[in-house]
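1. I need the structure of the sequence given here:
(one chain, ligands or ions: 1)
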Amino acid sequence: MTDQEKSQRTPLIVGDIIDAIRGVLRKHDVTFEEYRAGFMHLMQLADAHEVPLLLDCYLNQTICDIEMKTRQGSRSNVEGPYFLEDAPMVTDTIKVRGDTKPLLIRCRVKDLQGQPIPDVITDIWFADSNGDYSGYSEDFPKEYFRGKTTTDSDGLYAVMGSIPKEYPMTSNEHGPTGTIIELLGGQGMRPQHIHFKYLKEGYAPLTTQTYFSGGAYLKEDPVGAVFDDLIHELKEEDGVAVLDLNIVLDPAA
Ligand SMILES: [Fe+2]
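-> Next comes the predicted model:
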């Protein structure tokens, strides 16, 4: 898509969003009092810096679903708010600390024809045993629980990390996002997961997650991002838990 085509889409999309919201107001004969209550709730979201949280909770996966209309490779999944651009390069180990259980993350990256893709830069990030992310918790520096690694000539990488813990979408369950989750009958805990971002020139960037078979909250993820093909059963080798992944990258659009 050219820059001109992109700029032409923006007013169309913004106009349609406003039309869609007006349609909801008309559909439910929303009163001025109800309109003002919604208005004030949006102000509370902004004051609590929870706008990104709310958008990621309800809209990010929809964008991933749209991406899958033109992809044949591995499933795109929510990036979430905890990605950092400048994670440290790692060869075989991501630094962890605290009461964690080791996890070997082993992955083969191929193209649509099944050929291995070397030199794929892979960002990996996950929560610690308290459900916190480095760079966002004051308890530990950002070189922990995240790192970049690269596939070898066979399209493989293997790094030691740790099994992450489930965590709440928001630390304030009675805050402006938490009350919307509750209002809609949901719950706020995300299931255990690991985030990945695969980058290689000539291929469509892939951001995705992996979930753990048998874990809690898989059927009630507040983000709606759990799909069967993203749930993996851990193996055990020499007393260490192993996560084996097969990733397929689409060619660049
Ligand atoms: Fe996460």
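2. and residue 28, what does it touch?
-> For residue 28, the contact set (Cβ atoms under 8 Å, 6 or more residues apart in numbering) is empty. All C-beta atoms are positioned from the backbone trio N, CA, C, and that covers glycine.
3. separation between it and residue 62?
-> Here residue 28 is placed at a distance of 22 Å from residue 62 (Cβ to Cβ, to the nearest Å).
4. Check residue 14 too.
-> With distances taken as Cβ to Cβ, residue 14 is found 17 Å from residue 62.
5. do the same with residue 21
-> 16 Å.
6. Next: residue 51.
-> Taken as Cβ to Cβ, the span from residue 51 to residue 62 is 17 Å.
7. more crowded one of those two?
-> residue 51 (14 against 11; other Cβ atoms under 10 Å).
8. Got the phi and psi for that one?
-> phi -60, psi -50 (degrees, to the nearest 10).
9. In this structure it contacts residue 44, no?
-> No - with contacts defined as Cβ atoms under 8 Å, residue 51 does not count as touching residue 44, sitting 10.4 Å away.
10. tell me, which helix in this protein spans the most residues?
-> The longest helix of the chain (DSSP state H) is helix 3-27.
11. pretty sure residue 233 contacts residue 210?
-> No - using Cβ under 8 Å, residue 233 is not in contact with residue 210; the gap is 11.0 Å.
12. Okay, strands next: where are they in this structure?
-> Taking DSSP state E, the strands of the chain run over residues 102-110, 121-126, 146-150, 156-162, 167-168, 189-190, 193-199, 206-212, 231-232, 235-237, 240-248.
13. In a markdown table, list these along with mean neighbour count.
-> A markdown table is the format used below for the strands of the chain (neighbours: other Cβ atoms under 10 Å):
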| stretch | mean neighbour count |
| --- | --- |
| strand 102-110 | 20 |
| strand 121-126 | 21 |
| strand 146-150 | 20 |
| strand 156-162 | 19 |
| strand 167-168 | 18 |
| strand 189-190 | 21 |
| strand 193-199 | 22 |
| strand 206-212 | 21 |
| strand 231-232 | 16 |
| strand 235-237 | 10 |
| strand 240-248 | 16 |
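14. closest one to residue 75 among the ones you listed?
-> Checking the strands of the chain against residue 75 by Cβ to Cβ gives strand 206-212 as the closest, at 6.1 Å.
15. For that closest one, give me every contacting residue.
-> By Cβ under 8 Å, 6+ apart, strand 206-212 touches 64, 73-79, 83, 163, 191-198, 218, 225-226, 230-232, 234, 243, 245, 247, 249-250.
16. how long is stretch 111-119 end to end?
-> 13 Å (Cα to Cα, to the nearest Å).
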